[in-house]
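**Student:** model the structure of this input:
(2 chains)
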Amino acid sequence: MIAWTDHLIVAPVALPLGSGAMMLMLGERRQFAKGAISIVTTLLLLAVSLVLLQAASGIGAPSHATASARAYLIGDWPAPFGIVLVLDKLSALMLVLTAVLGVTTLVYGFARWNRAGPRFHTLLLFQLMGLNGAFLTGDLFNLFVFFEVVLAASYGLLLHGSGTNRVRIGLHYVAINVATSLLFLIGVSLIYGVTGTLNMADLVARIAAVRPADLALLQSGAAILGLAFLVKAGMWPLGFWLPTAYSAATPPVAALFVILSKVGIYALLRTSLLFFGDEAGAAFHFADDALLWGGMATIAFGTIGVLSSQTLSRLAGFCILISSGTLLATVGTGDVKVLSGALFYLASSTLGISAFYLLIELVERGESERGSAPLTEPVFDDEYTGAIEPEEESEVGVVIPATIAILGGGFVFCSLLLAGLPPLSGFIAKFAILDGLIGLQRITAPTTWILIALIILSGVATLIAMTRAGIDLLWTPGEGAQPDLRLIEAAPVGMLLALCLGLMIFAGPVLTYMEQTARALHDRGAYRSAVTSAPRGNSPGVSR
Amino acid sequence: MEIILALGIGVLTASGVWLILRPRTFQVIIGLSLMSYAVNLFIYAMGRLRVDAPPVVGPGAADPTQFADPLPQALVLTAIVISFAMTALLLVILLTLRGLTDTDHVDGEEKAP
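**Tutor:** Predicted coordinates:
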């Protein structure tokens, strides 16, 4: 019999879907009701994902060590035939990250961005739903569907606030992503054509048993699928669109988009480790080298980009590329110890870059608003853009004294975090990766040393670029008054930075969790048996 | 039949790729549509080509080899719906960009020839 807590696995998908759909029935002017619904939903999501994280990590469970993946059969169909949601340590971690970003961007959006265009709250919730679904699903085609949900919502969010620049970049973004989705479909259908299944757990066994004659076809399918993920993750040269698109988005949207690039990384991690493990034969390690070299090229590209960025938002975009490159290269090494460091880095860099995107707007506001260009331009008749008026800015909200001190402190914190300097979590993450790399036996020495050099160099370049920008923005006295800083905007940044601080303080337990996660990712048998032997609701006590 | 389907997929993909490399927004949309038709046919082909075989197993049917694989058909249905929605969205963005910039160039600005 399934306990009610087991049904929580479906909540991260069902909850935002329900609330988002409900909100569509409210008129566009009922901002208070919408805001209340969405903040309650995101907080609930955060609570649910923390419960799921606790369940996945096995803390408090009677059998502490044996907590493994848990599958949830949708519609109670047995595993290879129906759609399954799978909760394991990695997906629980990603759920928590998504929920945290959801809460912070929503709170930040309350300051004014939710009124910059129609249906901000609904789009945000649908975005969260798509992300959660993509992290939970255990089925390749379902992954495609959730990718499309994520993308559809992200198109809306990118265009949020409108304006010529956003629409122009938005067109490019949509066209690139639609073409990528087609690649995804081709890859999925090739894999289906060879193996006859799309369930990830079932694929583990089927791929090991593929006839040698079909291997080339399967490999091309996997490579095309990987290409689709790499476009999302922003690997060089497929990530050319990323900094431009993200710098065109409004700050809370860009902060949420940080996790979009991690969806690609997550999908790569999941599929490459599940499908192409050591038992699958030597023919399958073709992806590792591609990831390693591609990741290193991405780090190099991101480093050059960071140094050459003229605006802070482009700088943040290239920071995402560096982070993606580091993750891709470390996934390519295929080592448990390196991978656990990389997962720590994933959490730390996601939170750090997201905080940085939110901070950018606060720092740059003093500069940009003097030009007093209209913030938004209405496109459709039903848009309500009247909420943003210049005089409202100075009236509403608490004006914190010593604004610059807080902004400067936050900026320095972000710089140290992204550059990976001690003592913050970015340093611990990079140290864990480097420690794993030095202890590595399998790959040849020159590649390892190049990767280590690149990781260190990218940190130095980030530090140089951030220092330059910081001096330019914070030390040079501006000609106008100090920018106003509202508590509701400072709080999300503070929350994200506090989480990074928490990652630093509790680095020991977190690293242990990451190491368990990395080990569990390599344990394909446990994943497979968790899915195929998932309990069905209508047959109490009987596991199939 | 195989050669016709393969040719169809090839021609649609080639035309689509050529069109999305063009500088006009309308051509890009048509190119993406053509490519999505090609991909739909491709998914369909991955379930093996069968003539006159229904995908739905009726009562009393014992031999599954007499039936077409229903899964690719379900996948194609989903893919069609999603690509419809994306094309509609892209069309709205196209019209908006056209309204904002007075040109149908994908970059929103016309370069002198």
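**Student:** point out where chain B drops to low pLDDT.
**Tutor:** Applying pLDDT under 70 to chain B flags the ranges B:61-62, B:112-113.
**Student:** for it, give the residue positioned nearest to chain A.
**Tutor:** B:M46 (3.5 Å; C-beta to the nearest C-beta). For the C-beta atoms, the positions are set from N, CA and C on the backbone; glycine is no exception.
**Student:** who are the contact partners of that residue?
**Tutor:** By C-beta atoms under 8 Å, 6 or more residues apart in numbering or on different chains, the contact set of B:M46 is A:189-190, A:192-193, B:72.
**Student:** ok, 6 Å please
**Tutor:** B:M46 is in contact with A:189, A:192-193, B:72, counting by C-beta atoms under 6 Å, 6 or more residues apart in numbering or on different chains.
**Student:** just A:F147 next, same as before
**Tutor:** Contact analysis of A:F147 by C-beta under 6 Å, 6+ apart lists nothing.
**Student:** and it, that's in a helix?
**Tutor:** Yes - under DSSP: H, G, I helix; E, B strand; the rest coil, A:F147 falls within a helix.
**Student:** in stretch B:35-48, what's buried?
**Tutor:** B:35-47 (16 or more other C-beta atoms under 10 Å in any protein chain shown).
**Student:** what is the three-state secondary structure of the residue of chain B positioned farthest from its centre?
**Tutor:** Distance to the chain centre peaks in chain B at B:G60, reaching 36.1 Å (criterion: C-alpha atoms, centre = their mean). For B:G60, the secondary-structure state derived from three-state DSSP is coil.
**Student:** give me every residue in chain A that's in contact range of chain B.
**Tutor:** A:141, A:148, A:155, A:164, A:167-168, A:170-171, A:174-175, A:178, A:182, A:185-186, A:189, A:192-193, A:379 (C-beta under 6 Å from any C-beta of the partner chain).
**Student:** low-confidence ranges in chain A?
**Tutor:** When residues are selected by pLDDT under 70, those of chain A lie in A:1-5, A:59-67, A:277-286, A:365-402, A:441-445, A:475-484, A:537-544.
**Student:** how about the residues of chain B that lie near chain A?
**Tutor:** For chain B, the contact set with chain A under C-beta under 6 Å from any C-beta comprises B:28, B:32, B:35, B:39, B:42-43, B:46, B:75, B:79, B:82, B:86, B:89-90, B:93, B:96-97, B:100, B:108.
**Student:** any idea which element residue 56 lies in?
**Tutor:** Let's take chain A. helix A:31-57 (DSSP states H and E).
**Student:** other chain: chain B
**Tutor:** Using DSSP H and E, no helix or strand contains B:V56.
**Student:** likewise A:G117?
**Tutor:** Applying DSSP H and E, one finds A:G117 in no helix or strand.
**Student:** hmm, it is touching A:G161, no?
**Tutor:** Yes - in this structure A:G117 lies within contact range of A:G161 using C-beta atoms under 6 Å: 5.2 Å.
**Student:** could you look up the SS state of the residue of chain A found nearest chain B?
**Tutor:** Proximity of chain A to chain B (C-beta to the nearest C-beta) peaks at A:G193, 3.5 Å away. Following three-state DSSP, the label given to A:G193 is helix.
**Student:** give me the neighbour count for it.
**Tutor:** 20 (other C-beta atoms under 10 Å in any protein chain shown).
**Student:** same question for B:L100.
**Tutor:** Here the number of neighbours of B:L100 (other C-beta under 10 Å) works out to 18.
**Student:** so which residue is dead centre in chain B?
**Tutor:** B:S36 (1.7 Å).
**Student:** quick check: it touching B:S83?
**Tutor:** Yes - B:S36 is within contact range of B:S83, at 4.1 Å (criterion: C-beta under 6 Å).
**Student:** returning to that earlier point: what's the separation between the residue nearest to the centre of chain B and A:F184?
**Tutor:** Going from B:S36 to A:F184 by C-beta to C-beta, to the nearest Å gives 12 Å.
**Student:** the nearest residue in space to B:T78 that is not next to it in sequence and A:T164: what is the separation?
**Tutor:** In this structure, B:T78 finds its nearest non-sequential neighbour in A:V145, 6.5 Å apart by C-beta to C-beta, 6 or more residues apart in numbering or on different chains. Per C-beta to C-beta, A:V145 is found 32 Å from A:T164.
**Student:** the more surrounded of those two?
**Tutor:** A direct count of neighbours by other C-beta under 10 Å for A:V145 and A:T164 places A:V145 higher, at 20 against 15.
**Student:** for that one, give its distance to A:L268.
**Tutor:** 18 Å.
**Student:** please apply the same query to A:Y173.
**Tutor:** Distance from A:Y173 to A:L268, by C-beta to C-beta: 21 Å.
**Student:** quick one, strands of chain A?
**Tutor:** For chain A, strands defined by DSSP state E occupy the ranges A:70-73, A:84-87.
**Student:** can you add mean neighbour count and give these back as CSV?
**Tutor:** CSV is the format used below for those (neighbours: other C-beta atoms under 10 Å in any protein chain shown):
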stretch, mean neighbour count
strand A:70-73, 21
strand A:84-87, 25
